[in-house]
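Asker: only the shape, not the letters, is given here:
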């Protein structure tokens, strides 16, 4: 019996030791009824192993960590506060943060993060404070914060965001503080909404004088709230063709000319896409330079069709090889428009049939 009690006591000692273990360079203690692990200012290169499984606050600030692996925090899912500021983090692997469903405070500021695993945030529905400022992030998805209804303070200032999509902050019904200053915003039609939103929202948006435009050049340094009203029009596309194939029989060997007229403000990026002869080719038209008589497509395709800067596409000799879809698209900040024709050689004598289609998507 005594031996059995000794075994149980030894087992209990091991269990308690596992729960209360602490990485060598860290300090672990109970603080205000929370389990606190202080690993800051230790010159750590990685997240240390052996953090207590019941820890609720982890400070890893001011170290030299460069990467957060997907399993870095897999054994400390009770964490409510995670401090990672002032490291050298470049990469955060997908699923690194997704398991921390009780997280309320996350600080990854003052790092070198370019690509953040935004999908991880979808799980962190308890977040109240999110500090991502002073990184090098480029892209902010529209749905990045779509599940963070309890978020009160968001700091994404001092990154490299050039735009913020309308609707990005719609789900943040508890937010009272938003920092977006010192980002190199492109003040085009897609950012007009932000001007109006800042002027009308009840959320605090500090330092509005440096919530400013980096581009275009004539607006550089202008506060976003002072962007003048812009002439913004979604793109439209219209294809005309010669000869008028709806009224004319087109024989094999005939020349076909398709003209793409694209309108919009700002000036849309126009492209021809050709799917013919078991090949698919995309030809973006140069956005600058004078229109000229030199086709933009190279010798691999220009013996079959010619594409010019002005939007014209010429098929010098219509044949079965040129059967296919010819579509012209135009894209700007407000959306995308696309129009196309389908050409097919049919019947005897050989003639061409044409079908037309159009579609538009507004952002």
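Answerer: Okay, I see it. Note that the structure is a prediction, hence the values are computed from the model and not measured. Numbering: from 1, shown residues only.

Asker: what about the helices in the stretch 101-250 of the chain?
Answerer: Under the criterion DSSP state H, counting those that start in this stretch, helices of the stretch 101-250 of the chain are mapped to 192-200.

Asker: quick one, what contacts residue 178?
Answerer: The contact partners of residue 178, taken as C-beta atoms under 8 Å, 6 or more residues apart in numbering, are 153, 154, 155, 169, 203, 204, 205. (Glycine included, C-beta is placed from N, CA and C.)

Asker: next one: it from residue 211, what distance?
Answerer: Residue 178 is 10 Å from residue 211, where distance means C-beta to C-beta, to the nearest Å.

Asker: what do these two both touch?
Answerer: residue 205.

Asker: follow-up on the earlier one: top of the contacts of residue 178 by number of neighbours, please.
Answerer: Using other C-beta atoms under 10 Å as the neighbour test, the contacts of residue 178 are led by residue 154, with 24 neighbours.

Asker: that one against residue 171, yeah?
Answerer: No. Residue 154 lies out of contact with residue 171 (C-beta atoms under 8 Å); the separation is 11.5 Å.

Asker: which residues are in contact with each of the two?
Answerer: With contacts taken as C-beta under 8 Å, 6+ apart, residue 154 and residue 171 have residue 145 as neighbours in common.

Asker: export the contacts of residue 178 as CSV, with columns for pLDDT and distance to residue 330.
Answerer: Shown next, in CSV, are the contacts of residue 178 (pLDDT from 0 to 100; distance: C-beta to C-beta, whole Å):
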residue, pLDDT, distance to residue 330
153, 98, 40
154, 98, 35
155, 98, 37
169, 97, 29
203, 97, 35
204, 97, 39
205, 97, 34
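
Asker: quick one, what contacts the closest residue to residue 91 other than its chain neighbours?
Answerer: Among residues not flanking residue 91 along the chain, residue 67 sits closest, at 4.6 Å (C-beta to C-beta, 6 or more residues apart in numbering). Neighbouring residues of residue 67 by C-beta under 8 Å, 6+ apart: 46, 89, 90, 91, 92, 93.

Asker: for residue 267, see how far away the second one is.
Answerer: Pointing back at residue 89 there. With C-beta to C-beta as the criterion, residue 89 and residue 267 are 39 Å apart.

Asker: could you list the low-confidence segments of the stretch 201-350 of the chain?
Answerer: 244-250, 288-292, 346-350 (pLDDT under 70).

Asker: recalculate using a threshold of 90.
Answerer: Scanning the stretch 201-350 of the chain for pLDDT under 90 picks out 230-234, 241-256, 265-267, 276-281, 283, 286-305, 317-324, 332-335, 341-350.

Asker: the strands in it, which residues?
Answerer: 213-215, 233-242, 256-265, 269-276, 279-284, 306-307, 312-315, 324-332, 335-346 (DSSP state E, counting those that start in this stretch).

Asker: between those, which gets nearest to residue 73?
Answerer: For those, the distance to residue 73 is smallest for strand 213-215, at 35.5 Å, taking C-beta to C-beta.

Asker: what's that closest one in contact with?
Answerer: With C-beta under 8 Å, 6+ apart as the test, strand 213-215 has contacts from 162, 184, 185, 186, 187, 219, 220, 221, 222, 223, 224, 227.

Asker: residue 24: what secondary structure?
Answerer: Following DSSP: H, G, I helix; E, B strand; the rest coil, we place residue 24 in the coil state.

Asker: excluding covalently adjacent residues, which one is nearest to it?
Answerer: The nearest residue in space to residue 24 (C-beta to C-beta, 6+ apart) is residue 48, at 7.9 Å.

Asker: thought the one you found was touching residue 26?
Answerer: Yes. Using C-beta under 8 Å, residue 48 makes contact with residue 26 at a distance of 6.3 Å.

Asker: which neighbours do the two have in common?
Answerer: residue 39.

Asker: could you list the domains of this structure?
Answerer: The chain breaks down by automatic domain parsing into domains covering 21-226, 233-362.

Asker: just give the number of residues close to residue 241.
Answerer: Going by other C-beta under 10 Å, the residues that sit close to residue 241 add up to 18.

Asker: distance of residue 156 from residue 167?
Answerer: Look at residue 156 and residue 167: by C-beta to C-beta, they are 16 Å apart.

Asker: okay, the two: which has more neighbours?
Answerer: More crowded of residue 156 and residue 167, by other C-beta under 10 Å: residue 156, with 24 against 11.

Asker: now do that one, the pLDDT please.
Answerer: Per-residue pLDDT puts residue 156 at 98.

Asker: now it. Nearest residue, chain neighbours left out?
Answerer: The shortest distance from residue 156 to any non-neighbouring residue, by C-beta to C-beta, 6+ apart, is to residue 132 (5.1 Å).

Asker: what helix or strand is residue 37 on?
Answerer: Secondary structure assignment for residue 37, by DSSP states H and E: strand 34-38.

Asker: turn the contacts of residue 178 into a markdown table, including distance to residue 56.
Answerer: Converted to a markdown table, the contacts of residue 178 look like this (distance: C-beta to C-beta, whole Å):
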| residue | distance to residue 56 |
| --- | --- |
| 153 | 20 |
| 154 | 22 |
| 155 | 22 |
| 169 | 29 |
| 203 | 29 |
| 204 | 28 |
| 205 | 31 |
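
Asker: which one of those is nearest residue 335?
Answerer: residue 169 (21.2 Å).

Asker: ok, that closest one - contacts?
Answerer: Going by C-beta under 8 Å, 6+ apart, the list of residues near residue 169 reads 145, 175, 178, 197, 203.

Asker: same deal with residue 86?
Answerer: 61, 62, 63, 109, 110, 111.

Asker: those in strands, which ones?
Answerer: Using DSSP state E, no member of the contacts of residue 86 sits in strands.

Asker: okay, the residues you listed in JSON lines with pLDDT next?
Answerer: Shown next, in JSON lines, are these (pLDDT from 0 to 100):
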{"residue": "61", "pLDDT": "98"}
{"residue": "62", "pLDDT": "98"}
{"residue": "63", "pLDDT": "98"}
{"residue": "109", "pLDDT": "98"}
{"residue": "110", "pLDDT": "98"}
{"residue": "111", "pLDDT": "98"}
